[in-house]
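> Got a predicted structure plus its sequence, pasted below:
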Amino acid sequence: MSVDAATVRRIAHLARIAVTDDEVPHLQGELNAMLAFVEQLSEVDVEGVEPMTSVTPMEMKKRADVVDDGEIADKVVANAPASDNHFFLVPKVVE
Amino acid sequence: MTDLTSLTLSEAREGLANKSFSALQLTDAYLKAMDGGRVLNAYVLETPDQARAMAKQADEALARGEAGPLTGIPLGIKDLFATEGVRTTACSKILGEFKPPYESTVTTQLWRDGAVLLGKLNNDEFAMGSSNETSCFGPVINPWRREGSKTKLVPGGSSGGSAAAVAANLCLGATATDTGGSIRQPAAFTGTVGVKPTYGRCSRWGIVAFASSLDQAGPIARTVRDAAILLRSMAGHDPKDTTSVDRAVPDYEAAVGRSVKGMKIGIPKEYRIDGMSPEIEALWKQGADWLKAAGAELVEVSLPHTRYALPAYYIVAPAEASSNLARYDGVRYGARVPGHNIVEMYENTRAAGFGAEVKRRVMIGTYVLSAGYYDAYYLRAQKVRTLIKRDFETCFANGVSAILTPATPSAAFGIGEKGGADPVEMYLNDIFTVTVNMAGLPGIAVPAGRDVQGLPLGLQLIGRPFDEETLFSLGEVIEQAAGRFIPGKWWA
């Protein structure tokens, strides 16, 4: 399988990465090189094989259902590019 | 007094214990070496004030007779580990001047045991790379050069800063992470020892995530013993990482020097790849001979799905990366580039903040997970992964204790030499290491020889899950036979 220029733009938008017109042909070539490389997986017989979902077979641990953290709003917003009164600021989303 | 920075970790530990020198003297010696070693670009942030304060505390602990396993040992930390109040960037512009309000579990345990923070080490952006050339701080220079040449070589990646700093005596040991070979390949390129532990052995909490089902932290050190000492402090169960395993941490150092007599060592025939250089072939044979001389039994084994590991990796890793890196949106931390609306702000921020390799992988990951392609790519890759793991399980079920392979297909290459036109050329560096991550197994890279141009080459040993001890025993046999590899100091 290979991707065309329109698909490259669509993936870039899905990935929320702005691309310029100049970048598209280059990205298209690179993505197609990667897709050509992984193409060889289609020759593997995976009939009846379970996909790996856990690297080390183990039971998922559950923590106690208690509050053991919090009240650190200052720390949470300390690295934000824009914040006000413990809120993150973003461009207007709802008109 | 001999140059304190030339001591190994175990020698430095002894010197501190018998008061031959103080922790502050040792740290100062490293700070001076770092000063003279800036041309290598191994550190992206030096923390001299913190280092000296921690060294003073170490001296107080030593004076009280309360030394821990690493008291006064100066370490470098890969910039992927969150360090409280100390800038952590994953060497990406998108994290800007991010100062974590918390400390990663692995580094917390190193400080608990008395280690000293010298600074943060360079790496490929978000650990995506095999040459440390994708870092937003620029490439790291390998302290090794080809004989009679001044060409700048890469130290490997993604833990290139860690490997270069350890090889150039700019720290006594370093933390690193390995998703497809990022500890073992740079270790092989710099003549150092690198350990990628079993998945789940070290907590991933507080380490910038790349591909969560493959990422694992481990040490890079000058000797097998030093690596064993560091891993004991780094490993252990952490309730904050549900994939971390609740299992006692053995005294890895006790395994160094233990007999390997009677151990069955597998030589996988599928690793004899087309076009393998005679040097690598000879190195591999030499390693097998050393293990045989130490009493191990060598058997040919088959890992039939080996050739599919790298292509499967280039689906699984980018898929997980595209999901993990979705958090970098210019809202909660890092740099923001404005836009007319919120989507444009996201897109501009990520376009400016991510480098070319990261964008490529996030886009491939987005594509293979997108509607209509998930089954053909991601699901199939995860099935292939099951087959790769099964290959190893069959091998170990037949009584094989560990598997011996080359660590890399070549020695270190020049900066700018690879991957310019075709990204896959660079990816092939990980051909011998990536299977280990896909199967979640432990692996160690140990320097074992040199190529015709005098550059170090490494061998890899792959172990059973949670049997790092056997790797340390076998690694020590190779180290004892091959000797240590120390670059000539041309930079200061």
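Great, that's in hand.

> any idea where the helices of the stretch 301-450 of chain B begin and end?
Remark: helices assigned in the stretch 301-450 of chain B by DSSP state H, counting those that start in this stretch are B:309-324, B:342-353, B:356-369, B:380-397, B:423-427, B:434-439.

> wait, what's in contact with B:L118?
B:27, B:30-31, B:34, B:43, B:46-47, B:51, B:74-76, B:170-171 (C-beta atoms under 8 Å, 6 or more residues apart in numbering or on different chains). In short, each C-beta sits where N, CA and C put it, glycine included.

> secondary structure element for residue 11?
As the question left the chain open, I've gone with chain A. Following DSSP states H and E, one finds A:I11 within helix A:5-14.

> nope, chain B
Assessed by DSSP H and E, B:E11 sits inside helix B:9-17.

> Now do that helix: everything it contacts.
Defining contact as C-beta under 8 Å, 6+ apart, one finds that helix B:9-17 is touched by B:4, B:7, B:21-23, B:26, B:58, B:62, B:67, B:70-73, B:172-173, B:221-223, B:225-226, B:229-230.

> switch the cut-off to 7 Å
B:7, B:21, B:23, B:26, B:62, B:67, B:71-73, B:172-173, B:221, B:225-226, B:229 (C-beta atoms under 7 Å, 6 or more residues apart in numbering or on different chains).

> and the helix holding A:I11, anywhere near chain B?
Yes. Helix A:5-14 reaches chain B (C-beta under 7 Å from any C-beta of the partner chain) through A:11-12, A:14.

> related to what we said a few turns ago, among the contacts of helix B:9-17, which lie within strands?
Residues of the contacts of helix B:9-17 located in strands (DSSP state E): B:173, B:221.

> which one in the contacts of helix B:9-17 is the model shakiest on?
Lowest pLDDT of those: B:A67, 94.

> Buried residues in the helix or strand of chain B with the lowest mean pLDDT, which are they?
The weakest-scoring helix or strand in chain B, judged by mean pLDDT, DSSP states H and E, is helix B:423-427 (a mean of 86). Neighbour-count burial for helix B:423-427 flags B:423-424, B:426-427 (criterion: 16 or more other C-beta atoms under 10 Å in any protein chain shown).

> Pull the most distant pair out of those.
B:V424 and B:M426 (7.4 Å; C-beta to C-beta).

> distance of the closest residue to B:L7 other than its chain neighbours from chain A?
In this structure, B:L7 finds its nearest non-sequential neighbour in B:G15, 6.5 Å apart by C-beta to C-beta, 6 or more residues apart in numbering or on different chains. Plainly put, B:G15 is 39 Å away from chain A if you go by C-beta to the nearest C-beta, to the nearest Å.

> Residue 37: how many residues sit nearby?
Assuming you mean chain A. 18 (other C-beta atoms under 10 Å in any protein chain shown).

> my bad, chain B
When counting by other C-beta under 10 Å, one arrives at 23 neighbours for B:G37.

> Was I right to think it contacts B:A168?
Yes. B:G37 is within contact range of B:A168, at 5.6 Å (criterion: C-beta atoms under 7 Å).

> mind saving the C-alpha coords of the helix holding B:E11 as CSV?
What follows is helix B:9-17, C-alpha atoms only, in CSV (Å, rounded to 0.1, in the frame of the first residue of the first chain):
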residue,chain,number,x,y,z
LEU,B,9,32.2,2.7,39.7
SER,B,10,33.2,-0.2,41.9
GLU,B,11,36.8,1.2,42.3
ALA,B,12,35.3,4.7,43.1
ARG,B,13,33.0,3.0,45.7
GLU,B,14,36.0,1.4,47.3
GLY,B,15,38.0,4.6,47.3
LEU,B,16,35.1,6.5,49.0
ALA,B,17,34.7,3.7,51.5
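
> Could I get the contacting residues of the residue positioned nearest the centre of chain A?
Against the mean C-alpha coordinate of chain A, by C-alpha atoms, centre = their mean, the closest residue is A:A15 at 7.1 Å. A:A15 is in contact with B:322, B:362-363, B:366, counting by C-beta under 7 Å, 6+ apart.

> which non-adjacent residue is nearest the residue in the stretch 101-250 of chain B positioned nearest to chain A?
Closest to chain A within the stretch 101-250 of chain B is B:P101: 3.9 Å, counting by C-beta to the nearest C-beta. In this structure, B:P101 finds its nearest non-sequential neighbour in A:K75, 3.9 Å apart by C-beta to C-beta, 6+ apart.

> Please apply the same query to B:G454.
The nearest residue in space to B:G454 (C-beta to C-beta, 6+ apart) is B:E147, at 4.0 Å.
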